[in-house]
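>>> Everything below, folded, please.
(4 chains)
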There are 2 protein chains.
Amino acid sequence: MSHTSGIRQAQKQKTRQALLDAALELLEGQSLSSLGLREVTRAAGIAPTAFYRHFRSVEDLGVALVEEALGSLHPMIRTTVSPAGEGEERIARAIELIAGHVDAHPAHVRFIARERHGGVRRVREAIQEQLARFTAEVGEALAGDAESAGWSEEDLLMLAQLYVDQMLITASLFLEAPASSPGARERVSKVASRQLRLIHVGRQHWLEGTDAAGGR
Amino acid sequence: MSHTSGIRQAQKQKTRQALLDAALELLEGQSLSSLGLREVTRAAGIAPTAFYRHFRSVEDLGVALVEEALGSLHPMIRTTVSPAGEGEERIARAIELIAGHVDAHPAHVRFIARERHGGVRRVREAIQEQLARFTAEVGEALAGDAESAGWSEEDLLMLAQLYVDQMLITASLFLEAPASSPGARERVSKVASRQLRLIHVGRQHWLEGTDAAGGR
DNA sequence: CCATGCAGTTAACAACTGTTCTCCCAAATT
DNA sequence: AATTTGGGAGAACAGTTGTTAACTGCATGG
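Numbering: from 1, shown residues only, chains lettered A, B, ... in the order given. Purely as a prediction, here's the structure:
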């Protein structure tokens, strides 16, 4: 049996993490499909062959990175949609949360944005699966909101998808905005919050043209 | 001086196109940053060294592909926003146009979606530049619409950006929907049209909470 | 305290990469 | 008709790649 503690297991996970970290750093300047096994081990400071003790291939390493990156994104998305405060204030808080997360984990965000449509199928699928889960969660959170009264589950999901995609776009824009220039940051915030507001307005008047209003 | 016609020039452009075509096909299964020069020339049926007669590097080949891909996308985006017909019908036509374009040029669409956030900086920038131009054009088209009366130029641009991003997302979803399953196609169409409709509703009620209504 | 398990190393392999230089030959120019 | 031009081919280069095999040393379980 494998003890969860022990010097051995700890060391193994330590170099495993070193591999993940090294890969993530290298991936800021290239895509996963061009990331070499030797390249990663070199950056991590271990022999090429030791790689196989942790992953079967670079592709597997990529899938592990998806878990790591979207695991840290998980709590954020939930908080973003949390129904506290008035509309305008909620939007501002959501934007700040996104900006903060991009500042805290830029490499993770870049990795997801890049590999979401990237060249490695299994990684793409892993990201899609996680994002689908997020969308479902956001949908549930929206269902608990007073403004969602009368909404069909189908429409809630399409709105959730809109929100999730909008979050990713905004995150990627923050990533591109140079950290040195607060002006660029401010511009991204402004546009993103207006877009969220427009979606919010559309949400508020959504049922007016539907059967729920009594027409047909 | 160089004649624009002539057997020589024609042949050169023919093999140049063969390189672009071969690269585009290879890029369906990987990212540009992992595309090799020899790989491309092999698929195009020419010697590796002949590559340099057309491009300085694979990176340059990528930039040329951006021109080709977004050049063909150019007329589409314009038509999509064209202000003919009633709201609901316009949305349906826009979705059909996107679906049709994805069917006609799947590799181009995939390339743009993949490399927009991909690992090659100059290609990323080329795509960003073209998309910014599209956004500006869409903004102008929106300005000529009756529903845009009273809108600030700033808000028109943020709406245009929302539309352009939405188009790309929808296109990428069509790409992922297996061509064999018309059911998946139908589902993508349905969600996308509802999202467009929600944005449209938001657009119609945008000015209600603003200075233009007389408040403040 | 000894035997086992296993993370990590070293050496070697065939295959592949981008790039340079030299040559060829047909089209274009004179 | 003679000469220049330029797209393409061929060979060779120094590096790099993923993967294999056989090894070493140390934490672990009996």
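>>> Name the residues of chain A found near DNA strand C, please.
Within reach of DNA strand C by C-beta under 7 Å from any atom of the strand, chain A has these residues: A:8, A:11-12, A:14-15, A:46-50, A:53-54. C-beta: built from backbone N, CA, C; applies to glycine.
>>> What sits closest to A:Leu173 if chain neighbours are left out?
Leaving out its chain neighbours, the residue that sits closest to A:Leu173 by C-beta to C-beta, 6 or more residues apart in numbering or on different chains is A:Val188, at 4.7 Å.
>>> where are the low-confidence patches of chain A?
Within chain A, the ranges that satisfy pLDDT under 70 run A:1-5, A:83, A:211-216.
>>> where along it do the helices fall?
Secondary structure of chain A by DSSP state H: the helices cover A:7-26, A:37-44, A:58-81, A:87-104, A:106-115, A:121-143, A:153-176, A:182-204.
>>> okay, those helices in JSON lines with mean neighbour count next?
Shown next, in JSON lines, are the helices of chain A (neighbours: other C-beta atoms under 10 Å in any protein chain shown):
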{"stretch": "helix A:7-26", "mean neighbour count": "15"}
{"stretch": "helix A:37-44", "mean neighbour count": "18"}
{"stretch": "helix A:58-81", "mean neighbour count": "18"}
{"stretch": "helix A:87-104", "mean neighbour count": "17"}
{"stretch": "helix A:106-115", "mean neighbour count": "22"}
{"stretch": "helix A:121-143", "mean neighbour count": "17"}
{"stretch": "helix A:153-176", "mean neighbour count": "20"}
{"stretch": "helix A:182-204", "mean neighbour count": "18"}
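>>> quick one, what contacts A:Arg185?
A:99, A:174, A:177 (C-beta atoms under 8 Å, 6 or more residues apart in numbering or on different chains).
>>> Return the closest of the residues you listed with respect to DNA strand C.
Comparing the contacts of A:Arg185 against DNA strand C with C-beta to the nearest atom of the strand places A:Ala177 closest, at 31.5 Å.
>>> May I ask you to confirm that the closest one is in contact with A:Ala184?
Yes. Counting by C-beta atoms under 8 Å, A:Ala184 is a contact partner of A:Ala177 at 3.9 Å.
>>> still on that earlier bit, chain B next: which of the contacts of A:Arg185 are close?
By C-beta under 8 Å from any C-beta of the partner chain, no member of the contacts of A:Arg185 lies near chain B.
>>> near DNA strand D, which residues of chain A?
Counting by C-beta under 7 Å from any atom of the strand, chain A comes close to DNA strand D at A:1-3, A:6-9, A:36-39, A:42, A:48-49, A:51-52, A:57-58.
>>> one more time with 10 Å
Residues of chain A found near DNA strand D (C-beta under 10 Å from any atom of the strand) are A:1-3, A:5-12, A:34-42, A:47-52, A:55-59.
>>> tell me the contacts of the closest residue to A:Gln130 other than its chain neighbours?
Spatial nearest neighbour of A:Gln130, chain neighbours left out: A:Leu70 (4.4 Å); criterion: C-beta to C-beta, 6+ apart. By C-beta under 8 Å, 6+ apart, the residues touching A:Leu70 are A:112, A:127, A:130-131, A:134.
>>> quick one: A:Leu70 from DNA strand C, how far?
25 Å (C-beta to the nearest atom of the strand, to the nearest Å).
>>> can you check A:Glu88 too?
Here A:Glu88 is placed at a distance of 51 Å from DNA strand C (C-beta to the nearest atom of the strand).
>>> Please apply the same query to A:Leu156.
In this view, A:Leu156 and DNA strand C are 46 Å apart by C-beta to the nearest atom of the strand.
>>> Just confirm that residue contacts A:Glu147, I think it does.
No. At 10.9 Å, A:Leu156 does not count as touching A:Glu147 under the criterion of C-beta under 8 Å.
>>> wait, isn't A:Leu32 in contact with A:Val63?
No. At 10.0 Å, A:Leu32 does not count as touching A:Val63 under the criterion of C-beta under 8 Å.
>>> Can you work out which residues contact both of these two?
Contacts common to A:Leu32 and A:Val63, judged by C-beta under 8 Å, 6+ apart, are A:Val123.
>>> Who are the contact partners of the residue lying closest to A:His101 once chain neighbours are set aside?
Closest residue to A:His101 apart from its sequence neighbours, by C-beta to C-beta, 6+ apart: A:Met76 at 5.1 Å. For A:Met76, the contact set (C-beta under 8 Å, 6+ apart) comprises A:97-98, A:101.
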